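Peer 1: need coordinates for the below:
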Amino acid sequence: MSLLVKETQNELRTKIIDALGRAVAEGELPVEPIPDFNIEKPTNSANGDFSANVALAGAKSFKKSPRDIAISVVNNIDLEGTLFEKVEIAGPGFLNFYLSQKYYSEIVKDVINKGENYGKSNFGKNKKVVVEFVSANPTGPMHIGNARGGAIGDCLSSVLEWAGYDVSREFYVNDAGNQIEKFAVSLEARYLQIYKENIEMPQDAYQGADITEHAKNFALQYGSKYVDAPSGERKKALVDYALPKNIEGLEKDLLQYRIKYDNWFKESTLHKDGSVDNIIKKFKSLGVTYEKDGALWFKASEFGNDKDVVLIRANGIPTYIVPDIAYHYNKLVTRGYNKAVDVLGADHHGYVPRMKAALSALGIDSSRLDCIIMQMVRLVRNGEIIKLSKRSGKAITLTTLLDEIPIDAARFFFNLREPNSHFDFDLDLAAQETNQNPVYYVQYAHARICSILKKTQNSGIVLRTPSDSELLLLDSDEEKELIRHLSSLTDEIIGAAKAYDPAKITHFVIELATLFHKFYNARRVMVENEGLMQARLYLCTAVKSTIKNILSMLKIAAPETM
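Peer 2: The predicted structure follows:
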């Protein structure tokens with residue numbers, strides 16, 4: 001909630017407690033401790049602006065019916081000098097409080113005065129969070145799942161920043177392990193095919209056109225130099241050539257998508273600096289490992305996982321989980337982040353309890369790791385699902401997606417649903433410039449307000465700050481509903497940060513655009529009453545500023561003309 005809303009709510013709590021004190025002093029209520037009670041915003045504004053359950057909460061301690069307690073509160077509460085104009089008793093004893101018109105005026109002034117900072121808070125002050133997202137294997141281009149993960153991770157990072165957290169965006173580069181060996185084998189086969197006949201691609205090799213392209217370019221630079229070289233030497237040369245180009249390509253594609261990482265963390269550094277070996281040593285010293293069938297196992301079942309986990313295979317090679325444990329240890333212990341947030345694909349459900357078990361075994365509070373499991377996204381064109389096949393190399397990549405639809409639409413659409421929900425991405429809708437397209441609808445509201453303000457100034461009207469009495473004229477249902485929604489932005493951002501759900505913000509701004517259009521269609525801005533006109537122009541400016549703040553947070557353009 002905005003600071004003004006919070007102050008108003010705190011003031012109301014104080015007034016209710018004072019009223020209970022008076023009721024006790026007058027003998028209307030017995031001398032008992034003040035009960036804990038909640039003050040909430042009713043879903044239906046007809047039930048007031050704030051609702052308190054103090055009468056129901058106090059029934060047991062005061063040994064009176066909630067209705068009688070509510071009557072005592074109403075008879076003893078003093079709302080004079082506050083932003084509340086009345087209180088009513090509803091149902092079995094709820095107290096519904098109604099704000100005065102001055103409150104709505106103060107909200108509009110608060111939005112204007114805070115400007116580009118409206119919506120920001122210190123909720124996460126002094127808490128360092130690292131958000132790791134996308135982290136696509138650098139063995140090929142990014143596909144549609146990475147596009148969704150990128151939009152969610154980047155927008156979530158912005159939401160956390162607006163909620164006051166110290167945020168770092170991080171890409172974990174898997175430049176070691178099985179996928180790099182598979183990458184090497186694939187490159188080797190394509191390279192040898194240039195010079196030799198009857199060289200077949202291994203069955204599980206990467207089949208994408210990018211592998212062929214790398215092999216051809218490598219051959220142009222080095223010729224047949226590595227054809228007769230030992231396989232290990234040949235594969236190393238191919239990977240050393242292709243992998244940096246892939247990582248550079250990932251960074252370039254993500255920058256096009258408006259994602260700039262604070263850190264690109266390479267898995268290989270954990271092997272080189274001994275971190276991976278140290279994790280094994282720590283587990284052994286803690287007595288949470290055992291040997292079975294020649295492999296080293298972690299007693300994960302003793303720390304909440306459904307079964308134990310292999311750390312080192314019988315061939316002496318660590319499993320992928322070991323460097324991942326070292327990586328999370330690095331984030332939470334070595335670098336000291338308060339929270340590590342991972343945006344993961346739908347196939348990582350089993351990964352989360354394993355990682356949390358490992359952290360617990362190492363003496364790290366596992367609640368410091370939060371994982372967002374992102375469900376699959378399906379692309380829809382002309383009402384039909386587009387079939388994807390990563391193995392065949394015919395999947396739509398992030399760059400081909402952005403060639404087809406605007407970046408604004410991609411970032412907005414991927415944040416229209418909770419991350420853990422399945423999502424059908426309508427390519428036709430995303431490319432439309434109509435109000436059926438939600439991002440266009442929001443951007444149009446911003447452009448419409450810019451047009452209103454420009455036309456006003458072109459007609460010779462000088463925009464000014466309305467007086468307090470003029471702002472009190474914003475008393476229609478449409479105006480109050482719009483202002484009420486504006487007032488909840490800060491609280492909505494904090495809620496989105498706590499839930500790790502940027503979709504709360506896209507829903508908020510769509511509703512804001514809807515309420516603005518509703519207000520504009522019901523209430524003329526250019527009216528004869530000059531004070532009312534200035535007040536409505538002031539409200540339009542507040543809405544425009546808020547829409548721009550939200551779109552800027554999501555790294556989406558806020559056009560002034562459309």
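
Peer 1: so what's V333 up against?
Peer 2: I364 (CB atoms under 8 Å, 6 or more residues apart in numbering). Where you see a C-beta, it was placed from the backbone N, CA and C, and this is true even at glycine.

Peer 1: state the distance from it to G124.
Peer 2: To G124, V333 is 21 Å away according to CB to CB, to the nearest Å.

Peer 1: swap in A176?
Peer 2: 33 Å.

Peer 1: mind listing the strands in the stretch 1-150 of the chain by residue range?
Peer 2: Along the stretch 1-150 of the chain, counting by DSSP state E, counting those that start in this stretch, strands occupy 39-40, 50-52, 84-90, 94-99, 128-132.

Peer 1: give the closest residue to M553 in space, chain neighbours not counted.
Peer 2: Excluding the flanking residues, the one nearest M553 by CB to CB, 6 or more residues apart in numbering is S158, at 4.8 Å.

Peer 1: which residue sits closest to the residue positioned nearest the centre of the chain, ignoring its sequence neighbours?
Peer 2: The chain has L156 as the residue nearest its centroid, 2.4 Å off, counting by CA atoms, centre = their mean. Counting by CB to CB, 6+ apart, P502 is the residue found nearest to L156 once chain neighbours are left out, at 5.1 Å.

Peer 1: list the contacts for that neighbour?
Peer 2: Contacts of P502 by CB under 8 Å, 6+ apart are 152, 155-156, 158-159, 415, 496, 554.

Peer 1: what residues sit buried inside stretch 95-107?
Peer 2: The neighbour-count check on stretch 95-107 (16 or more other CB atoms under 10 Å) flags 95-101, 103-107 as buried.

Peer 1: er, stretch 277-296 I mean
Peer 2: 279-280, 282-283, 288-289, 296.

Peer 1: for that stretch, C-alpha coordinates in PDB please.
Peer 2: Provided in PDB are the C-alpha atoms of stretch 277-296 (Å, rounded to 0.1, in the frame of the first residue of the first chain):
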ATOM      1  CA  ASP A 277      35.800 -31.100  -4.500                       C
ATOM      2  CA  ASN A 278      35.200 -29.100  -1.300                       C
ATOM      3  CA  ILE A 279      31.500 -29.900  -1.300                       C
ATOM      4  CA  ILE A 280      32.300 -33.600  -1.400                       C
ATOM      5  CA  LYS A 281      34.800 -33.200   1.400                       C
ATOM      6  CA  LYS A 282      32.200 -31.300   3.500                       C
ATOM      7  CA  PHE A 283      29.600 -34.000   3.000                       C
ATOM      8  CA  LYS A 284      32.000 -36.700   4.000                       C
ATOM      9  CA  SER A 285      33.200 -34.800   7.100                       C
ATOM     10  CA  LEU A 286      29.500 -34.200   8.200                       C
ATOM     11  CA  GLY A 287      28.900 -38.000   8.000                       C
ATOM     12  CA  VAL A 288      26.000 -37.700   5.500                       C
ATOM     13  CA  THR A 289      27.500 -39.900   2.800                       C
ATOM     14  CA  TYR A 290      28.000 -43.700   2.300                       C
ATOM     15  CA  GLU A 291      29.300 -45.900  -0.400                       C
ATOM     16  CA  LYS A 292      27.200 -48.400  -2.400                       C
ATOM     17  CA  ASP A 293      27.900 -50.200  -5.600                       C
ATOM     18  CA  GLY A 294      31.100 -48.300  -6.000                       C
ATOM     19  CA  ALA A 295      29.400 -44.900  -5.900                       C
ATOM     20  CA  LEU A 296      29.300 -42.200  -3.300                       C
END
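
Peer 1: pLDDT of it, averaged?
Peer 2: Mean pLDDT, computed over stretch 277-296, is 97.

Peer 1: so which residues make contact with it?
Peer 2: 297-299, 302-303, 310-314, 318, 322, 325-326, 329, 361-362.

Peer 1: in PyMOL, how would I select the buried members of the residues you listed?
Peer 2: The buried residues among the contacts of stretch 277-296 can be selected in PyMOL (16+ other CB under 10 Å) with this line:
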select buried, resi 297+298+299+303+310+311+312+318+322+325+326+329+361+362
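
Peer 1: about what we covered before: of A176 and G124, which one has the most company?
Peer 2: G124 (21 against 18; other CB atoms under 10 Å).

Peer 1: isn't that one right up against A497?
Peer 2: Yes: judged on CB atoms under 8 Å, G124 makes contact with A497 at a distance of 6.7 Å.

Peer 1: between the two, what contacts are shared?
Peer 2: Counting by CB under 8 Å, 6+ apart, the contacts common to G124 and A497 are 160, 163, 165.

Peer 1: would you list the phi and psi of A410?
Peer 2: Main-chain dihedrals, A410, degrees, to the nearest 10: phi -60, psi -50.

Peer 1: I figured it hits T400, correct?
Peer 2: No: with contacts counted by CB under 8 Å, A410 stays clear of T400, the gap being 11.7 Å.

Peer 1: picking up where we left off before, state the distance from the residue nearest to L156 to I373.
Peer 2: P502 is 15 Å from I373, by CB to CB.

Peer 1: try I550
Peer 2: 26 Å.

Peer 1: more crowded one of these two?
Peer 2: Legend: neighbour count by other CB under 10 Å for I550 and I373, higher for I550 (25 against 16).

Peer 1: got the contact list for the more buried one?
Peer 2: Residues in contact with I550 (CB under 8 Å, 6+ apart) are 119, 489, 505, 508-509, 512.

Peer 1: the closest residue to I194 other than its chain neighbours: neighbour count?
Peer 2: In this structure, I194 finds its nearest non-sequential neighbour in A219, 5.1 Å apart by CB to CB, 6+ apart. Using other CB under 10 Å, the number of residues around A219 comes to 18.

Peer 1: can you check G119 too?
Peer 2: Neighbours of G119 using other CB under 10 Å come to 25.

Peer 1: can you give me the pLDDT of it?
Peer 2: Reported pLDDT for G119: 97.

Peer 1: from F94, how far off is it?
Peer 2: G119 is 30 Å from F94, by CB to CB.

Peer 1: ditto for D477
Peer 2: Taking CB to CB, one finds D477 at 22 Å from F94.

Peer 1: again, but for T289
Peer 2: 58 Å.

Peer 1: strands of the stretch 251-400 of the chain, start to end?
Peer 2: Applying DSSP E, counting those that start in this stretch to the stretch 251-400 of the chain gives strands spanning 263-266, 289-292, 295-298, 309-312, 339-345, 369-374, 377-381, 384-385.

Peer 1: contacts only, for N246.
Peer 2: Counting by CB under 8 Å, 6+ apart, N246 makes contact with 138-140, 210.

Peer 1: revised request: answer the last question for S121.
Peer 2: 162-164, 490, 493-494.

Peer 1: which one of those sits in the busiest neighbourhood?
Peer 2: I493 (28 neighbours).

Peer 1: I figured that one hits A499, correct?
Peer 2: No: here I493 lies out of contact with A499, judged by CB under 8 Å, at a distance of 11.0 Å.

Peer 1: just the element for G232, please.
Peer 2: helix 231-256 (DSSP states H and E).

Peer 1: again, but for R169
Peer 2: Per DSSP H and E, R169 falls inside strand 166-173.

Peer 1: re earlier: tell me which of the strands of the stretch 251-400 of the chain lies nearest to L429.
Peer 2: Within the strands of the stretch 251-400 of the chain, the stretch nearest L429 is strand 377-381; the backing value is 8.6 Å (CB to CB).

Peer 1: average pLDDT across that closest one?
Peer 2: Rounded mean pLDDT across strand 377-381 is 90.

Peer 1: pairing partners for it, with directions?
Peer 2: strand 384-385 (antiparallel), strand 423-426 (parallel) (DSSP bridges).

Peer 1: for the ones you listed, give me CSV that also has distance to E181 and mean neighbour count.
Peer 2: Below are the strands paired with strand 377-381 laid out as CSV (distance: least, CB to CB, whole Å; neighbours: other CB atoms under 10 Å):
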stretch, distance to E181, mean neighbour count
strand 384-385, 34, 9
strand 423-426, 33, 18
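
Peer 1: quick one: these as TSV, columns for distance to L472 too.
Peer 2: Output for the strands paired with strand 377-381, formatted as TSV (distance: least, CB to CB, whole Å):
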stretch	distance to L472
strand 384-385	54
strand 423-426	44
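
Peer 1: fine by me, thanks again.
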